[in-house]
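1. heads up, no residue letters with this:
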């Protein structure tokens, strides 16, 4: 049976040819001792990756990370910008020392007599409590204009008015003592006590105070701190109702104003759990939820002019009689020159407004809180999000994991938003959302790298079944898997091993297969080295294709160079085995080029990438032609057209069986062909009478040359010219 027959029929020799499951080529079944490649899979440690964001979240939570703290507060600010507290008219007003009041009354500081007059008019307008967000720590200098003895008259005047009014004066606090200062504790008018064990270490602590003048401080009904404790970015988000000087708890302006307005006899600092900070502050029957540090979260409204009353209107009796009736009024300044502006989530606002908004919230019972359980809820959300999306990212397609991640992150943010808008609870959605995204990115990258490793494994594995260039082409262009073909110029190399079937019959099959595998391995490696595509292996025959699937402009030269290297390897391999007494046969090679249709042929269940056309069959016939000519390699003129430097000698114009037209066939040579042979061949081609004599002379000088013997015998039999008509395949 010829190699052409074997090309058409599968499974006719010692090794079976089996269609691969995805139709991209054929693989050898035979020696089970071939090196097996184990399929890549995700390593076990990679399943621990979803735990990493959770562990990182726990670490950041325990270490109170600055970054996490900033992200959390910025999220809370954004909540407020999107959903500010609606302003509800309440008995809280700000008596504003604004720019117009300064223009009407005069430059600040005003005489204390003006402040006493203001206090009198506020009382006349029905103010329930007056809180001064103004310091009275130094004597009134305007009193010194009368006489030295009268230097405290204005201060005394204000003190007398304070004694007749429900009013709160203020003091400032400092965290550090200066060399010129000493520890000063303000006069505490409130009855402050702890419900259980003191939680003093949780309160914001200060070293000393800058109180009001003793005459003013002692005359006032209440005394409160004017100090805020902003965050690191300067934004005031929480306002303490209680602070601490040394070991003494002291109220703030907002807390003291509320106490007086409610008529509370005592202020109870409630800390139910040991060393867990405060949970609430009670003003008799009113319970105010606070942070462990005794602070109230401020839910700001937008700037509301209705809350403000300019001082000049009070001093000039321009108010309606009931405008301030029953109100807690705070006297403070919005004038930029007085530098009492603070940062809020909405930008700069007067400091007095922050205290006013805290009092408003408390009277309305509107609180935003961050309970202790929120940290656990955030870690739970982080754990669920990171684990769910992490395992999905490791197991599923990227699009499905990304969609799930988007859904989870949206759900986490919505949960935080819902808790804030419906229940006034501040939950940090940013940390679990970022952790979930981090888990998705981390696990997706791990999955991607594992997939790339699998692709490399698949590429390496299938490169053992089909050509590496075919594998690379499919990986880079998956559309190449579609059924169909295209016309293309290609070159083909067919090889066949002579008498291998007889060799197998005379030796142990395992040994025969081992010899064949080593032979095929060397031959295919050469083909791959020249970037040829392994079309198929049929028994001991090999078909190699060039310029498909990737086009190669030099495919003819590649095919010839590849075939010559194959011939050298096969000859050396056979000689080596023959020296050991193993009758390993010669390898016959045929090379031809032409236009074929290349592509995927078959059906949706199974298909094969191959070339269809007469040049394929011609290359197979040229391989078989060697058996009749006694040569090892036959190459067609169509291939040599692209090999200008090829060293060959002409064989003849061959009419293959079943064909009507002859093709030029040549034999490659290791050295330039003998000039006498070329002269004899020219004479034969031109049908010169001396051609027979020339070939007889060549046969006498080189009796082992198969082509010389062939042409001498043809001419002796009466044939003319160089055309040879084959009657066998």
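-> Perfect, I can see it now. In this text, all values refer to a predicted model and were calculated from it rather than measured experimentally.

2. List the residues that contact the closest residue in space to residue 518 that isn't next to it in sequence.
-> Closest residue to residue 518 apart from its sequence neighbours, by CB to CB, 6 or more residues apart in numbering: residue 573 at 7.7 Å. (C-beta placed from N, C-alpha, C; glycine too.) Listed by CB atoms under 8 Å, 6 or more residues apart in numbering, the contact set of residue 573 reads 518, 519, 522, 584.

3. same check, this time on residue 671
-> residue 647.

4. let's number from 27 now, not from 1
-> Taking 27 as the first residue, the last one we looked at is residue 697.

5. Need the phi and psi values for it.
-> phi -130, psi 160 (degrees, to the nearest 10).

6. who touches residue 638 in this structure?
-> 511, 622, 623, 624, 627.

7. and the gap between it and residue 625?
-> 8 Å (CB to CB, to the nearest Å).

8. which neighbours do the two share?
-> Jointly contacting residue 638 and residue 625 under the rule CB under 8 Å, 6+ apart are residue 511.

9. per the record, what domains does this protein have?
-> 75-93+397-472, 112-167+176-390, 516-668 (automatic domain parsing).

10. Now distance to residue 736 too, for those, in JSON lines please.
-> What follows is these, written out as JSON lines (distance: least, CB to CB, whole Å):
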{"stretch": "domain 75-93+397-472", "distance to residue 736": "64"}
{"stretch": "domain 112-167+176-390", "distance to residue 736": "98"}
{"stretch": "domain 516-668", "distance to residue 736": "6"}
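
11. With mean pLDDT and distance to residue 684 added, can I get these in JSON lines?
-> As requested, those are arranged in JSON lines below (pLDDT from 0 to 100; distance: least, CB to CB, whole Å):
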{"stretch": "domain 75-93+397-472", "mean pLDDT": "87", "distance to residue 684": "53"}
{"stretch": "domain 112-167+176-390", "mean pLDDT": "92", "distance to residue 684": "90"}
{"stretch": "domain 516-668", "mean pLDDT": "91", "distance to residue 684": "9"}
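
12. centre of the chain versus the top helix by length along the chain, how much separation?
-> For the chain, the longest helix by residue count, based on DSSP state H, is helix 456-488. A distance of 9 Å separates the centroid of the chain from that of helix 456-488, by CA atoms, centre = their mean, to the nearest Å.

13. now do stretch 109-125
-> 47 Å.

14. in that stretch, what counts as buried?
-> Buried residues in stretch 109-125, counted by 16 or more other CB atoms under 10 Å: 111, 116, 117, 118, 119, 120, 121, 122, 123, 124.

15. again, but for stretch 217-231
-> 218, 221, 225, 228, 229, 230.

16. Greatest separation within the residues you listed: which pair is it?
-> Using CB to CB, the buried residues of stretch 217-231 reach their maximum pairwise distance at 221 and 230, which is 19.4 Å.

17. now what about stretch 327-337, what contacts it?
-> Against stretch 327-337 from outside (CB under 8 Å, 6+ apart): 110-113, 115, 118-124, 126-127, 131, 144, 345, 349-350, 355, 357, 360, 372, 375, 379, 382-383.

18. So what would you say the end-to-end distance of that stretch is?
-> One end of stretch 327-337 to the other measures 22 Å (CA to CA, to the nearest Å).

19. Mind listing what's buried along that stretch?
-> Buried residues in stretch 327-337 (16+ other CB under 10 Å): 327, 333, 334, 335, 336, 337.

20. Equivalent analysis for stretch 146-163, please.
-> 147-149, 151, 153-162.

21. Sort out which of those are in helices and list them.
-> 147, 148, 149.

22. Next one: the residue nearest to residue 747 when sequence neighbours are not counted from residue 356, what distance?
-> Nearest non-adjacent residue to residue 747, counting by CB to CB, 6+ apart: residue 713, 5.3 Å away. As judged by CB to CB, residue 713 and residue 356 stand 127 Å apart.

23. Spatially, what comes nearest to residue 233 if we skip its sequence neighbours?
-> That would be residue 203: by CB to CB, 6+ apart, it lies 5.0 Å from residue 233.

24. what kind of secondary structure is the one you found in?
-> Three-state assignment for residue 203 (DSSP: H, G, I helix; E, B strand; the rest coil): coil.

25. Confirm for me that it is in contact with residue 209.
-> Yes: counting by CB atoms under 8 Å, residue 203 does reach residue 209; the two are 6.9 Å apart.

26. list the residues that contact both of these two?
-> 233, 234.

27. any chance you could map the strands in the stretch 77-226 of the chain?
-> Using DSSP state E, counting those that start in this stretch, the strands of the stretch 77-226 of the chain run over residues 118-122, 155-158, 193-200, 218-220.

28. List the buried residues of the longest one.
-> Of the residues in strand 193-200, those scored as buried under the neighbour-count criterion (16+ other CB under 10 Å) are 193, 194, 195, 196, 197, 198, 199.

29. Would you check that the second one makes contact with residue 157?
-> So that's residue 194. Yes: if you go by CB under 8 Å, residue 194 and residue 157 touch, sitting 4.2 Å apart.

30. Overlap of the contact sets of those two?
-> Contacts common to residue 194 and residue 157, judged by CB under 8 Å, 6+ apart, are 248, 250, 279, 282, 283.

31. Please tabulate these in a markdown table and include neighbour count as additional columns.
-> Output for the shared contacts of residue 194 and residue 157, formatted as a markdown table (neighbours: other CB atoms under 10 Å):
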| residue | neighbour count |
| --- | --- |
| 248 | 26 |
| 250 | 32 |
| 279 | 32 |
| 282 | 28 |
| 283 | 31 |
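
32. Name the pair among those with the greatest separation in space.
-> Once CB to CB is applied, these give 248 and 279 as the farthest pair, at 8.7 Å.

33. Pull up the overlap in contacts between those two.
-> 157, 194.

34. Helices of the stretch 327-476 of the chain, start to end?
-> 337-341, 377-390, 399-421, 424-449, 456-488 (DSSP state H, counting those that start in this stretch).

35. From the centroid of the chain, which residue is nearest?
-> residue 467 (3.8 Å; CA atoms, centre = their mean).

36. Relative to residue 463, how far out is residue 666?
-> 63 Å.

37. wait, residue 719
-> From residue 719 over to residue 463 (counting by CB to CB), the distance is 91 Å.

38. Residue 724 in helix, strand or coil?
-> Applying three-state DSSP: residue 724 is helix.

39. That one: neighbour count?
-> 22 (other CB atoms under 10 Å).
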